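**Q** sequence first, predicted coordinates after that:
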Amino acid sequence: MNIRGIGHRGYPVKYPENTMSSFQAAIALGYTHMELDVHLSKDGVPVVMHDSRIDRMTDGTGEIRLYTLSELKNFRVEQNERIPTLEEVLLLAKDQIIVSIELKDTKLYKGIEEKVYEVIQKVGMLDQVYVISFNHRSLAILREISKEIKIGPLVSKLKRSHFRLIERLNAAYIAVKQSSVDEKCIKKCEAEGIQLVVWTVNNVERMRFFKKYPSVLVTTDELEILKEVYHPSSYTNNILEKISV
C-alpha cells in the first residue's frame, strides 16, 4: 500500500532523524515521499542533518562546515549510526520513494546549490527529487543551474507575492507551515496547478482535515498514525479516537 505523504526526516518518532534507518523505515511503510536536510562538509560534500551543528544529534560538537566528510564520519548518531551523505540517502531511495531535499543555512555554504545538483545528477534522480528552501535566492541559483529540476519555496504563511515568486522560479511546489493553511489556500494552489506541501502535521484532527483534500502532500513525524488516518480499519479507528481525545 502506498501512503501519499512525506516522512519528515524519515521516521523520527521511532528512529534518529535524518539517518539511514529513519529513511529506510519511511520506505518500508510505503510512503510516497520523504524529506531530508542538507549542509556541506568542509571539503564540499553534501551531508544530511537538520542542524548546522552536530551537537544535538551526535557524540561530537561543532559546526558541520568545519569538518571534512572523513572527520564527520567518525562521529556517532545514537552510537550505531553515522552522518549520511546525500548520495548515500539518494541511492537508498532510488526507484522507491520521492525525496524532498531542503537546503539549510545556505549562506554558510558557498556553492551548495551546485554541489547538491551534481549529486542528484550523479545518481540519476532528477525526476525523483525536488528541492525546497527558505532562501529563495538559492532556489533561483538552482533554477539557473538547471531548467529541469523541481523546486519549491518554503514559507511560514502563503501570500499573494509567493505566487509571483513561484512563477518567476518556474517552481512546481510550495511548502507551507500547516497551521496557516485553510481551504482557501488549498483551492488557490489547486487552481494554479501548484503542488501544496504542508509541514509538519502530527495532530490527528489536522490529519483528518487535510485528508479531505487529496491534492495536499502532508509532512509528518507520525508516519504510522497518518497511515491509519488515511487508511483506517475498524480496529485502528478505535485507537485514533483515543489519540484525538
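**A** Arrived safely. Model, not experiment: these values are computed from the prediction. Numbers count the residues shown, from 1 in each chain.
**Q** who does the residue lying closest to residue 172 once chain neighbours are set aside form a beta bridge with?
**A** Counting by CB to CB, 6 or more residues apart in numbering, residue 150 is the residue found nearest to residue 172 once chain neighbours are left out, at 4.7 Å. Placement of C-beta: from N, CA and C, glycine included. Applying DSSP bridges to residue 150 gives these bridge partners: residue 130.
**Q** tell me, how many residues neighbour residue 150?
**A** Residue 150: 20 surrounding residues under other CB atoms under 10 Å.
**Q** tell me if I'm right that it and residue 131 touch.
**A** Yes. At 7.2 Å, residue 150 and residue 131 qualify as touching, with contact defined as CB atoms under 8 Å.
**Q** off-centre distance for the lengthiest strand in the chain?
**A** Scanning the chain for the longest strand, with DSSP state E as the assignment, gives strand 31-40. Remark: strand 31-40 is offset 4 Å from the chain centroid, using CA atoms, centre = their mean, to the nearest Å.
**Q** partners of that strand in the sheet?
**A** When DSSP bridges is applied, strand 31-40 pairs with strand 3-8 (parallel), strand 46-48 (antiparallel), strand 98-103 (parallel).
**Q** columns mean neighbour count on top of those strands, output as CSV?
**A** Converted to CSV, these look like this (neighbours: other CB atoms under 10 Å):
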stretch, mean neighbour count
strand 3-8, 24
strand 46-48, 25
strand 98-103, 22
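**Q** of all those, which one comes closest to residue 83?
**A** Across the strands paired with strand 31-40, the minimum distance to residue 83, taken as CB to CB, is reached by strand 46-48, at 5.5 Å.
**Q** which one is the residue sitting nearest the centre point of the chain nearest to, not counting chain neighbours?
**A** Residue closest to the average C-alpha location in the chain (CA atoms, centre = their mean): residue 35, at 2.2 Å. Nearest non-adjacent residue to residue 35, counting by CB to CB, 6+ apart: residue 100, 4.1 Å away.
**Q** again, but for residue 85
**A** residue 47 (5.4 Å).
**Q** with residue 173 instead?
**A** Closest to residue 173 by CB to CB, 6+ apart is residue 152, at 2.7 Å.
**Q** before we move on, the earlier item: with just CA atoms, put the longest strand of the chain into PDB.
**A** Extracted in PDB, the C-alpha atoms of strand 31-40 (Å, rounded to 0.1, in the frame of the first residue of the first chain):
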ATOM      1  CA  TYR A  31       5.300   6.300   1.900                       C
ATOM      2  CA  THR A  32       5.500   8.100  -1.500                       C
ATOM      3  CA  HIS A  33       7.800  10.900  -0.200                       C
ATOM      4  CA  MET A  34      10.400  11.600   2.400                       C
ATOM      5  CA  GLU A  35      12.200  14.800   3.400                       C
ATOM      6  CA  LEU A  36      15.700  15.500   4.400                       C
ATOM      7  CA  ASP A  37      18.000  18.400   5.200                       C
ATOM      8  CA  VAL A  38      21.400  19.200   3.600                       C
ATOM      9  CA  HIS A  39      24.600  21.000   4.700                       C
ATOM     10  CA  LEU A  40      28.100  21.000   3.200                       C
END
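**Q** thanks again, I'm all set now.
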